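Engineer: Give me coordinates for this.
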Amino acid sequence: MSKAKSNSKSKTEGATTATLAPGGDNSNHAGQTVTEPRVPPARGRDRQLPASLMTPPAPPPPPHLEDYQPIIGQAQVDALRFLAREVKGKTIKMVNSTSVGGGVAEMLNRLVPLLSELEVPTHWDVITGGNDFFEVTKAFHNALHGASYTLTKAAQDIFLMYNEQNRERMQFGEDMVVIHDPQPAALIHSREKSSAHWVWRCHIDLSNPDARVWEFLRPFVEQYDAAIFSSQSFARQLPIPQYLFYPCIDPLSEKNKELDEAQVQKVCDELGIDRSRPIVTQVSRFDRLKDPVGVVQAYKLARKYVDCQLVLAGGGAKDDPEGAVVLQEVKEAAGNDADIIILDLPPWCAREINAIQRASTLIVQKSIREGFGLTVTEALWKGKPTIAGAVGGIPNQIIHKLTGVLVHSVEGCAFQIRYLLTHPEFARRIGAAGREHVKENFLMTTNVKRWLLLFRILQQAKSRLAL
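Structural biologist: Okay, here's the model as predicted:
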């Protein structure tokens, strides 16, 4: 295989933020000698995101339980109804730090109505805070993933102050209260005025936390009735029961439902994605732990040998103040490569993300730390060959060379991009196996089942203590 010219004209056009115009030589295919990339029309560099994406669409009505029957079968639907009988009428409160952006909010958007449909009324509250609070909690997030951090008295005071403010305005009259992640962990101080079961649901990788930050948070966690983690390796030494819950996707959501070819093509046309050439995509927030700069580096290495374009599609979340800084770092890393398409999408662009993933030849999630990585689940559900960092909860989803491929470095990622683009039959096989793995383990209905079982376990434990 001959080497592509690294100084081709298209490399001087500048990385495209938002869109590139479609077009170019479509005679290139994976496994063939790379020819010089096309030069995109000048108008492509000047285009912005379509105006239609700037306004949030009206949210579609949530699906009903019976709508999942064609996917999971009637027996599984009946099993959920059976499990819900013993907790019928019991109430749940879910509390997290953002209503949009990130996997937790996406899951709660679908979990809450399904539990309520099963006559387990579930409420969802979002804590509030100033920029200083979210800067501290983002630093805590990074530190719990192993980053270096100096925990100051000022940071502790900010964390406690906002938790106290939220505690004073919130009511906890439900039968079970679920606190998601570290940001609202100190709400446990309301337990003394509540008869609820309190559960801490941790979605992040705690396998190697900063010692001082964890020691600050652990006394709060130890007051809960139970803790839930996304991977076996995240469990800590705690005096309370711990459970394993895999995160999940909703196969009927805008981001994951089936799209016909015309819908996929329409989105690609709007965003300037050229479907005549291989598309390598990473979908993620612009977060250093997702390593988007490393993805750019891996793409540039692979691009020397195989023709492809890179799409980095993401955005931010209300509780993540670092997103704009990381986006700028990605643009600088992309440099003069016009085949790198950077899409800073609003959080409501679920259908567009769905279409981009379905149009992609392969999908990357090169995280260096990861609680679970629902973008991996999304990619596998769509049958896409997926390359991902061997970190956090990702190895629970990707069984190496069976449901996807795991990597440990930029060079390893580049090699796998090159290999999958030149071995399409292997890519197709692992894509099909990945979809089946998601169907068995990581769908929303399975998550509903786990919550119902946990509620029953906690109810039974409370009854035994009362005897």
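
Engineer: how many other residues sit next to residue 255?
Structural biologist: Using other CB atoms under 10 Å, residue 255 has 22 other residues around it. All C-beta atoms are positioned from the backbone trio N, CA, C, and that covers glycine.

Engineer: need the contact list for it.
Structural biologist: 106, 249, 350-351, 353-354, 378 (CB atoms under 8 Å, 6 or more residues apart in numbering).

Engineer: swap in residue 210?
Structural biologist: Residue 210 touches 143-144, 146-149, 151, counting by CB under 8 Å, 6+ apart.

Engineer: now residue 339: how far from residue 277?
Structural biologist: 8 Å (CB to CB, to the nearest Å).

Engineer: Residue 80 is in contact with residue 449, isn't it?
Structural biologist: Yes. The criterion here is CB atoms under 8 Å, and residue 80 meets it with residue 449 at 6.0 Å.

Engineer: Between the two, which is the more surrounded one?
Structural biologist: When residue 80 and residue 449 are compared for neighbours, residue 80 comes out ahead with 20 against 16, by other CB under 10 Å.

Engineer: Give the helix, strand or coil label for that one.
Structural biologist: helix (DSSP: H, G, I helix; E, B strand; the rest coil).

Engineer: Might you report the residue contacts of it?
Structural biologist: Contacts of residue 80 (CB under 8 Å, 6+ apart): 65, 118, 445, 448-449, 452.

Engineer: for stretch 116-129, what is the average pLDDT?
Structural biologist: Across stretch 116-129, the average pLDDT comes to 96.

Engineer: Please apply the same query to stretch 240-260.
Structural biologist: On average, stretch 240-260 scores 95.

Engineer: Residue 460 belongs to a strand?
Structural biologist: No. Residue 460 is assigned helix when assessed by three-state DSSP, not a strand.

Engineer: got a pLDDT number for it?
Structural biologist: 85.

Engineer: What's the local residue count around residue 166?
Structural biologist: That count, for residue 166 with other CB under 10 Å as the rule, works out to 22.

Engineer: need the strands for the protein, in chain order.
Structural biologist: 16-17, 92-96, 122-126, 176-180, 197-201, 226-229, 242-244, 279-283, 309-314, 340-344, 362-365, 386-389, 405-407 (DSSP state E).

Engineer: Need those in TSV (columns: mean neighbour count).
Structural biologist: As requested, the strands of the chain are exported to TSV (neighbours: other CB atoms under 10 Å):
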stretch	mean neighbour count
strand 16-17	22
strand 92-96	23
strand 122-126	18
strand 176-180	25
strand 197-201	24
strand 226-229	21
strand 242-244	15
strand 279-283	26
strand 309-314	25
strand 340-344	23
strand 362-365	28
strand 386-389	29
strand 405-407	23
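
Engineer: per-stretch mean pLDDT over those, give me the minimum one.
Structural biologist: strand 16-17 (a mean of 52).

Engineer: one step back: point out the one among the strands of the chain that comes closest to residue 421.
Structural biologist: strand 362-365 (7.0 Å; CB to CB).

Engineer: In terms of secondary structure, what does that closest one contact?
Structural biologist: strand 279-283, helix 374-381, strand 386-389, helix 410-422 (3 or more CB pairs under 8 Å, 6 or more residues apart in numbering; DSSP states H and E).

Engineer: mind putting the ones you listed in TSV, distance to residue 171 included?
Structural biologist: Formatted as TSV, those follow (distance: least, CB to CB, whole Å):
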stretch	distance to residue 171
strand 279-283	37
helix 374-381	30
strand 386-389	41
helix 410-422	48
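
Engineer: So, low pLDDT: which residues of this protein?
Structural biologist: 1-48, 316-319, 463-467 (pLDDT under 70).

Engineer: ok, now which ones touch the spatially most central residue of it?
Structural biologist: The residue lying closest to the centre of the chain (CA atoms, centre = their mean) is residue 374, at 3.8 Å. By CB under 8 Å, 6+ apart, the residues touching residue 374 are 103, 106-107, 247-249.

Engineer: Who wins on neighbours among the contacts of residue 255?
Structural biologist: Top of those by neighbour count (other CB under 10 Å): residue 378, with 26 neighbours.

Engineer: circling back: please narrow the contacts of residue 80 to those residing in helices.
Structural biologist: 445, 448-449, 452 (DSSP state H).

Engineer: Same list, these, but as TSV with distance to residue 271 please.
Structural biologist: TSV is the format used below for the ones in helices among the contacts of residue 80 (distance: CB to CB, whole Å):
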residue	distance to residue 271
445	32
448	34
449	37
452	40
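
Engineer: for these, which one is nearest residue 89?
Structural biologist: residue 452 (13.2 Å).

Engineer: which non-adjacent residue is nearest the closest one?
Structural biologist: Nearest non-adjacent residue to residue 452, counting by CB to CB, 6 or more residues apart in numbering: residue 83, 4.3 Å away.

Engineer: For residue 107, see how far away the residue nearest to the centre of the chain is.
Structural biologist: For residue 374 relative to residue 107 (CB to CB), the value is 8 Å.
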